[in-house]
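> Next come a sequence and a model predicted from it.
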Amino acid sequence: MTWTDKTSSSGTDLRPVPVFDQDRAERAVRELLLACGEDPDRDGLLDTPARVARAYREMFAGLYTDPDEVLAKTFDESHEELVLVTDIPVYSFCEHHLLPFHGVAHVGYIPNADGKVTGLSKLARLVDLYAKRPQVQERLTSQVADALERKLVPRGVIVVLEAEHLCMSMRGIRKPGSRTVTSAVRGSMRSSATSRAEALELIKGRRP
Ligand SMILES: Nc1nc2c(ncn2[C@@H]2O[C@H](COP(=O)(O)OP(=O)(O)OP(=O)(O)O)[C@@H](O)[C@H]2O)c(=O)[nH]1
Ligand SMILES: [Zn+2]
């Protein structure tokens, strides 16, 4: 299958789907261990390159999946008001340090008059797909919003992502507990302060 990710309106994410090269990844992990001064041939590390390669394949699975397929199935349901799924757990990888950032995503949209809605799980699947790539939080947030806008043509979309970046917690500036919040709004969520406020209020007020 060949496909291109049409998410970015600026066209920055147009590229053919890659394939995972297990052997190459194993060699790279072995090299990294050697570069760190470790002995990849000692007992405890013998299986590590293969294990790490498999883990990367899983953690970057979103590179090998077409986001449009996630939203291919829609239902006719006359609900022209907000649909919001909050607290979707997110584990992604900061592309600068290849360290995780993790937190929660809140994804909402207002279906259009055609009543095109998607399954609730698909919103979480979409977040997962884009999270499982080398990312920056801003791009992850926009990509989810853009994919929803493109496939559902809804009245409005809002995506809010709250995450802690381990590159800021366990190294560097070392500020564990600091959280980064990003949002992306499209359509009526951008043009109508009332729609946006309603969604943000529901997101903020979700905990007792
Ligand atoms: N905007 C944005 N920045 C990120 C994200 N993830 C990591 N970063 C930042 O990317 C920057 C990379 O900065 P560099 O100066 O090139 O790298 P560095 O020397 O390791 O930086 P420090 O983390 O400050 O030690 C850091 O400021 C990170 O905090 C992200 O999702 N969005
Ligand atoms: Zn980082």
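Sure thing, it's come through. Ligands and ions are numbered 1, 2, ... in the order given.

> so how far is the lengthiest helix in the chain from its chain's centroid?
If you go by DSSP state H, the chain has its longest helix at helix 137-152. When C-alpha coordinates are averaged (Cα atoms, centre = their mean, to the nearest Å), helix 137-152 and its chain have centres 9 Å apart.

> hmm, it in reach of ligand 1?
Yes. Helix 137-152 lies within reach of ligand 1 by Cβ under 6 Å from any ligand atom, at 137-138. For every residue, glycine as well, the C-beta is placed using N, CA and C.

> and after that helix, which helix or strand comes next?
strand 156-165 (DSSP states H and E).

> Pull out the buried positions in the helix or strand of the chain with the lowest mean pLDDT.
Every helix and strand of the chain was ranked by mean pLDDT, DSSP states H and E. The lowest is strand 74-76, at a mean of 86. Within strand 74-76, the residues that qualify as buried by neighbour count (16 or more other Cβ atoms under 10 Å) are Thr74.

> Stretch 101-110 now?
101, 103-110.

> Select from these every entry located in helices.
Going by DSSP H, the helices hold none of those.

> could you dump those residues to a markdown table with distance to Thr48 and pLDDT?
Below are the buried residues of stretch 101-110 laid out as a markdown table (distance: Cβ to Cβ, whole Å; pLDDT from 0 to 100):
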| residue | distance to Thr48 | pLDDT |
| --- | --- | --- |
| Phe101 | 24 | 98 |
| Gly103 | 28 | 98 |
| Val104 | 31 | 98 |
| Ala105 | 31 | 98 |
| His106 | 37 | 98 |
| Val107 | 36 | 98 |
| Gly108 | 42 | 98 |
| Tyr109 | 43 | 97 |
| Ile110 | 48 | 96 |
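
> which residues touch His165?
Applying Cβ atoms under 8 Å, 6 or more residues apart in numbering, we find His165 in contact with 94, 99, 101, 137, 180.

> Neighbour-wise, which one of those leads?
Phe101 (25 neighbours; other Cβ atoms under 10 Å).

> Run through the residues that contact that one.
Applying Cβ under 8 Å, 6+ apart, the residues contacting Phe101 are 90, 92-94, 135, 137, 163-167, 180.

> again, but for Gly119
73, 75 are the contacts of Gly119 under Cβ under 8 Å, 6+ apart.

> Point out where this protein drops to low pLDDT.
1-16, 207-208 (pLDDT under 70).

> and this protein, which of its residues are near ligand 1?
Residues of the chain lying near ligand 1 (Cβ under 6 Å from any ligand atom): 94, 96, 136-138, 165, 167-168, 172-173.

> what's the residue nearest to the spatial centre of the chain sitting at in phi/psi?
Nearest residue to the geometric centre of the chain (Cα atoms, centre = their mean): Ala131, 2.6 Å. Backbone geometry at Ala131, expressed as degrees, to the nearest 10, gives phi -70, psi -30.
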